[in-house]
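S.K.: Here is a sequence with its predicted model. Questions after.
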Amino acid sequence: GGMRAPRPASCGLCIVGRHALMPPQPTAILKKVTSMILTPEYIFKKIECIHPDFLAAHGIRALVLDVDNTLTGDNSQVLEPSVQAWLDEMRAAGISLTIVSNNTAKRVRPFAERVGLAWVPLACKPFTIGLRVARRRLGCKKSEMAMVGDQIFADRMAAGLYGCPCLYLMPRTSHDKNKFVLLKRKFEPYWIDKYYQKGCMNDTPRFGTAGLADSYTVKKFDPAAIAAYTAGFGLTAFEYQCGRGVRLAHDKAAALGAACAERNIALSVHAPYYISMSSLEEDKRLHSIDYLLQSCALVKALGGRRVIFHSGSCGKQSREAALEKALDTMKRAVKACDEAGYGDCILCPETMGKVNQLGTLDEVLALCAVDSRITPCIDFGHLYARSCGTQFAETTAAADYAALLDTLAERLGDDRAVHFHAHFSRIAYTKGGEKCHLTFADTAFGPPHLPLLQLLKARGLAPTIICESAGTQAEDAAALAQGYAAL
């Protein structure tokens, strides 16, 4: 009847109190290590999309460059003007450059001499010998050097094995002459998909705040304090607010991202309110794309992926005409993001609270249909306010929430219906819709949160829910997190 004696340490068990925990199995460890080595850290459409400010924000001062399908086409000696301009930009920014290629000296030398760079041929990537030679030449730490290339099983894997960052590029052309490279290309989409899934695969909802609540008293920008404050409420998300413009320097953003990563806090960015994708003025629509690009640059510096934005208003045009313009702007924005190297960012159009604003659930889902990466931001308070309190009213909230979640599943038909983005707060309204955000203590207006939490739990959904209460967003977000945990 006595307690079983613990096994000796040599058997591989870890004893915690009375519970013996088996160590991770070799296959699980191998899968994790393989994923770490092969899943890209960053993806850019082409080398010209890598900018000095991105490198500075990540502490990178030297680049190791592949040649084929990176600086030029496969087995090509052509130096495109845009690549020459990029090389000049890097040199002007003080970035050290060198070439490391698996190809022969006969192929690499003429191109390297043309661009004026030192070079290592026959590098045998994914083995790390070429990177070791390059680092000695560059005279930098591993963390200060990044491999730039287009192959998962050569460039990305070599960087992963060596322990330095990799800036993965989509192949410059679709023409690979090497049969072994063609074979490896067949297995690359799996790892590229893994990259796009990173940071979105939490099994339970994340709860967080839109900016900092009134109870945060630190006056200066303090990444560690912001992360500690957020984590102190038991929160795992934080939405950086850029409503009046994108003004946070990227080095400060990287510091905030690092502090939050240590505490498992996922970061997103709310883009400027100036965005108007449905404007009658072409210039305003183009500026809207610029605001999205600025927001994407910031969210990448933060280590996040999601950019939330208001799509605009109808103005003096019909809802149909406004939506048509917004859809066209959305398509152009996706193209611009891809070309700028922000293809991994997730654009999130938000449901809006005023009746004259573009942002019904149907309109937001129409924007999401432009590209499978676009994910809805469901602001439940906004939908409640624009319906003048009829949607998500106390007596019908459970049925209304269920109907909305059903619509997401039917219209999106993929993981976006599970890991969607959301805003939540109680909101006062007039006949025109949203009037102002309230706190959870202001119970004269809705919507109620408990029926939503119950449905998320019952259906196994895991959105990121950002609380936008007026000044008490941290306390109210904690109430959401605690309410969910109690179910």
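M.R.: Cool, got the structure. Residues are numbered from 1 along each chain as shown.
S.K.: in which helix or strand would I find residue 82?
M.R.: Per DSSP states H and E: residue 82 is located in helix 81-92.
S.K.: for residue 341, same thing?
M.R.: Following DSSP H and E, one finds residue 341 outside all helices and strands.
S.K.: oh, and call the first residue 34 from now on, that's how I've got it
M.R.: Done: numbering now begins at 34, and the last item shifts to residue 374.
S.K.: Would you mind measuring from it to residue 87?
M.R.: Distance, residue 374 to residue 87, by Cβ to Cβ, to the nearest Å: 8 Å. For glycine as for every other residue, the C-beta is placed from the backbone atoms N, C-alpha and C.
S.K.: next one: residue 135
M.R.: In terms of Cβ to Cβ, residue 135 sits 26 Å off from residue 87.
S.K.: Tell me which of those two has more neighbours.
M.R.: Ranked by neighbour count (other Cβ atoms under 10 Å), residue 135 and residue 87 place residue 135 first, with 25 against 19.
S.K.: Pretty sure the more buried one sits in a helix.
M.R.: No: under DSSP: H, G, I helix; E, B strand; the rest coil, residue 135 falls outside any helix and is assigned coil.
S.K.: Surely it touches residue 187?
M.R.: Yes: in this structure, residue 135 is within contact of residue 187 by Cβ atoms under 8 Å, at 6.2 Å.
S.K.: Pull up the overlap in contacts between these two.
M.R.: Counting by Cβ atoms under 8 Å, 6 or more residues apart in numbering, the residues touching both residue 135 and residue 187 are residue 158.
S.K.: what about residue 504, how many residues close to it?
M.R.: Number of residues near residue 504 (other Cβ under 10 Å) recorded here: 14.
S.K.: Okay, now the unreliable bits of the stretch 234-383 of the chain?
M.R.: Counting by pLDDT under 70, the stretch 234-383 of the chain shows low-confidence ranges at 234.
S.K.: One more pass at 80, please.
M.R.: 234-236 (pLDDT under 80).
S.K.: in it, which spans are strands?
M.R.: Assigned by DSSP state E, counting those that start in this stretch, the stretch 234-383 of the chain shows strands spanning 239-243, 270-274, 299-303, 339-342, 379-382.
S.K.: Outside of the second one itself, list whatever touches it.
M.R.: If I follow you right, that is strand 270-274. So strand 270-274 is contacted by 239-244, 259, 263, 281, 286, 289, 293, 298-303, 331-332, 335, 341, 497-499 (Cβ under 8 Å, 6+ apart).
S.K.: That one pairs with which strands, and in what direction?
M.R.: strand 239-243 (parallel), strand 299-303 (parallel) (DSSP bridges).
S.K.: Nearest to residue 427 among those strands would be which one?
M.R.: Residue 427 lies closest, by Cβ to Cβ, to one member of those: strand 239-243, at 21.9 Å.
S.K.: just the CA coordinates of the helix holding residue 115, formatted as PDB?
M.R.: As requested, the backbone C-alpha atoms of helix 114-125 are provided in PDB (Å, rounded to 0.1, in the frame of the first residue of the first chain):
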ATOM      1  CA  PRO A 114      19.000  47.400 -63.000                       C
ATOM      2  CA  SER A 115      16.700  46.900 -60.000                       C
ATOM      3  CA  VAL A 116      19.100  44.400 -58.500                       C
ATOM      4  CA  GLN A 117      22.100  46.800 -59.100                       C
ATOM      5  CA  ALA A 118      20.100  49.600 -57.400                       C
ATOM      6  CA  TRP A 119      19.400  47.300 -54.500                       C
ATOM      7  CA  LEU A 120      23.100  46.400 -54.200                       C
ATOM      8  CA  ASP A 121      24.000  50.100 -54.200                       C
ATOM      9  CA  GLU A 122      21.300  50.800 -51.500                       C
ATOM     10  CA  MET A 123      22.800  48.000 -49.300                       C
ATOM     11  CA  ARG A 124      26.300  49.400 -49.600                       C
ATOM     12  CA  ALA A 125      25.100  52.900 -48.900                       C
END
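S.K.: Please identify the buried residues of that helix?
M.R.: 116, 119, 120, 123 (16 or more other Cβ atoms under 10 Å).
S.K.: And residue 198, how close does it get to residue 173?
M.R.: For residue 198 relative to residue 173 (Cβ to Cβ), the value is 12 Å.
S.K.: out of these two, which sits in the more crowded spot?
M.R.: Taking residue 198 and residue 173 together and counting by other Cβ under 10 Å, residue 198 has the greater number of neighbours (21 against 16).
S.K.: Just give the nearest non-adjacent residue to the more buried one, would you?
M.R.: Spatial nearest neighbour of residue 198, excluding adjacent residues (Cβ to Cβ, 6 or more residues apart in numbering): residue 179 at 4.3 Å.
S.K.: beta partners for the one you found?
M.R.: Judged by DSSP bridges, the bridge partners of residue 179 are residue 96.
S.K.: Correct me if wrong: it contacts residue 200.
M.R.: Yes: the pair residue 179 and residue 200 qualifies as a contact (Cβ under 8 Å) at a distance of 5.2 Å.
S.K.: Now do the shared contacts for these two.
M.R.: Between them, residue 179 and residue 200 share the contacting residues residue 96, judged by Cβ under 8 Å, 6+ apart.
S.K.: what pLDDT does residue 231 get?
M.R.: Residue 231 carries a pLDDT score of 58 in this model.
S.K.: That concludes my questions; thank you for your assistance.
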